[in-house]
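Starting from these lines, generate the structure:
(2 chains)
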Amino acid sequence: MKLRNILLKRSLIWMISIFAGSVIYAMTPENEKSANIFLNAETSEARNMLSGFSNQFIEDFTAQYKTNLNAKESRKLWIMEEGFRRKSDQIASDRLFYVFLAVSLLVGLIFLLTLRIYQMQKKIGMPE
Amino acid sequence: MSRVLPVWMIITFLLWSMTIYMTFLWVPSDTRQGIAQRIFYYHVPTAWVSGAGFAISFIFSIVYLLTRNLKYDNLAAAYATVGWVFTTGVLITGPLWAKPIWGAFWNWSDQRLISYFILWMAYAGYMLLRMGIADPQKRARFASILGIISFLDVPLVYAAIRIWNPPSHPKAVFGGSAKSGVFSSEMLITFLVSLIAFQLLSLLLSYLYYRFLEMERKILENKG
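Model (predicted):
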């Protein structure tokens, strides 16, 4: 599973670099500059840059990239996109589970403390 | 105080409602950690509030040792107890945040985690000590000393990520670096609202617990 994802990511990067020349001319100057830096950066540096890209940039870049693909290449990309979509859905649902658990347990803990204080006050007949 | 209390409760409830709304529906997701980063808005304020509780407890422990007035011991006990419960909350939310991001619930080589766990154990000891001694003055004296010693770990927890700089743990929220966890104004606003909500709740619970301890002391004094 991990190997497949690595291969998919590597192929996407490789494909992006192949088509980079035809992608860049259609982008805004700002995006073109960012894209150029990204495409020419070292692998680790390029990976670090990924999280810094805005949603709009990624959308524009992908849209431009797709316009330059033939039918076969497009479908290869669909498979990759489908793989990423499924993987990201899985990760998001896993993460949501942990968020739900953390917040529920914390609220439960505070509720128990409140209940305990209330019970103790009631036991000695304190005004509420 | 009886007039202030309902207002305090309502404000706390409203801020908590706001916190839940903002953390789940308003604040943008972190680009690296996705939805898991939202635990930050509960984990970090809980940690801050527990630290504040221990600091107040530390001050009242000193005041008790200087005055020998049991009222201050009760104040120290109330803030330490609520602080300890919030510390437990930190130790619950932290590993649940770490698991989807680090792939593990705990990292024994992270100095921040170790020092925080020691803090939790120190205050657990403080509460066990209080439960184990019946004589109020003797209990107050020993508990105050232990409370002061236990508090020494709080600055260590605070400084842990600055001194040892554990690579896995996020940096400090303020005075940290770009890896601090707050990347936009929405994130900062959500964090501050959550922090105020947690602080008000912590102070409210501490006050209610202190009120109980004082009443109990007065009843026992009248009986004696």
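
What's the separation between the residue positioned nearest the centre of chain A and chain B?
Most central residue of chain A, judged by C-alpha distance to the mean C-alpha position with CA atoms, centre = their mean, is A:Ser88 at 7.1 Å. Look at A:Ser88 and chain B: by CB to the nearest CB, to the nearest Å, they are 8 Å apart. From N, CA and C alone the C-beta is placed, and that goes for glycine too.

who touches that residue in this structure?
Residues counted as contacts of A:Ser88 (CB atoms under 8 Å, 6 or more residues apart in numbering or on different chains): none.

got a pLDDT number for it?
Per-residue confidence (pLDDT) for A:Ser88: 90.

check which helix or strand covers it.
If you go by DSSP states H and E, A:Ser88 is part of helix A:71-123.

Could you give the separation of that helix from the chain centroid?
How far helix A:71-123 lies from its chain's middle: 15 Å, per CA atoms, centre = their mean, to the nearest Å.

Name the residues that touch stretch B:90-101?
In this structure, residues lying in contact with stretch B:90-101 by CB under 8 Å, 6+ apart are A:91, A:94-95, A:98-99, A:101-103, A:105-106, A:109, B:33, B:36, B:39-40, B:42-43, B:46-47, B:50, B:104-107, B:113, B:116-117, B:120.

What remains of the residues you listed if I keep only buried residues?
Of the members of the contacts of stretch B:90-101, the ones counted as buried by neighbours, 16 or more other CB atoms under 10 Å in any protein chain shown, are A:95, A:98-99, A:102-103, A:105-106, A:109, B:33, B:36, B:39-40, B:42-43, B:46-47, B:50, B:107, B:113, B:116-117, B:120.

Low-confidence stretches in the chain?
No chain in the question, so chain A it is. Applying pLDDT under 70 to chain A flags residues A:1-27, A:126-128.

that's the wrong chain, I wanted chain B
B:1, B:171-182, B:224.

Name the residues of it found near chain A, please.
Within chain B, the positions lying close to chain A (CB under 8 Å from any CB of the partner chain) are B:31-36, B:38-39, B:42-43, B:46, B:82, B:85, B:88-89, B:92-93, B:96-97, B:99-100, B:201, B:205, B:208-209, B:211-212, B:215-216, B:219.

Give me the buried entries from those residues.
Under a neighbour-count criterion of 16+ other CB under 10 Å, the subset of the residues of chain B next to chain A counted as buried comprises B:33-36, B:38-39, B:42-43, B:46, B:82, B:85, B:88-89, B:92-93, B:96-97, B:99-100, B:201, B:205, B:208-209, B:211-212, B:215-216.

hey, where'd the helices end up in chain B?
If you assign secondary structure with DSSP state H, the helices in chain B sit at B:4-21, B:40-67, B:70-102, B:111-132, B:136-151, B:153-163, B:185-223.

Would you mind pulling up the elements that the last one packs against?
Under the contact criterion of 3 or more CB pairs under 8 Å, 6 or more residues apart in numbering or on different chains; DSSP states H and E, the helices and strands touching helix B:185-223 comprise helix A:71-123, helix B:4-21, helix B:40-67, helix B:70-102.

can you list these in CSV and add distance to B:Ser150?
Conversion of the helices and strands packed on helix B:185-223 to CSV gives the following (distance: least, CB to CB, whole Å):
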stretch, distance to B:Ser150
helix A:71-123, 19
helix B:4-21, 27
helix B:40-67, 7
helix B:70-102, 8
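
quick one, which of those helices is nearest to B:Leu192?
Ranking the helices and strands packed on helix B:185-223 by proximity to B:Leu192 (CB to CB) places helix B:40-67 first, at 9.1 Å.

what's the offset of the closest one from the middle of its chain?
The answer for helix B:40-67 is 7 Å, by CA atoms, centre = their mean.

What are the buried residues along that helix?
Neighbour count says helix B:40-67 has B:40-54, B:56-65 buried, by 16+ other CB under 10 Å.

just the angle between it and helix B:4-21, please?
Using axes from the mean of the first three to the mean of the last three CA atoms, to 10 degrees, the direction of helix B:40-67 lies 150 degrees away from that of helix B:4-21.
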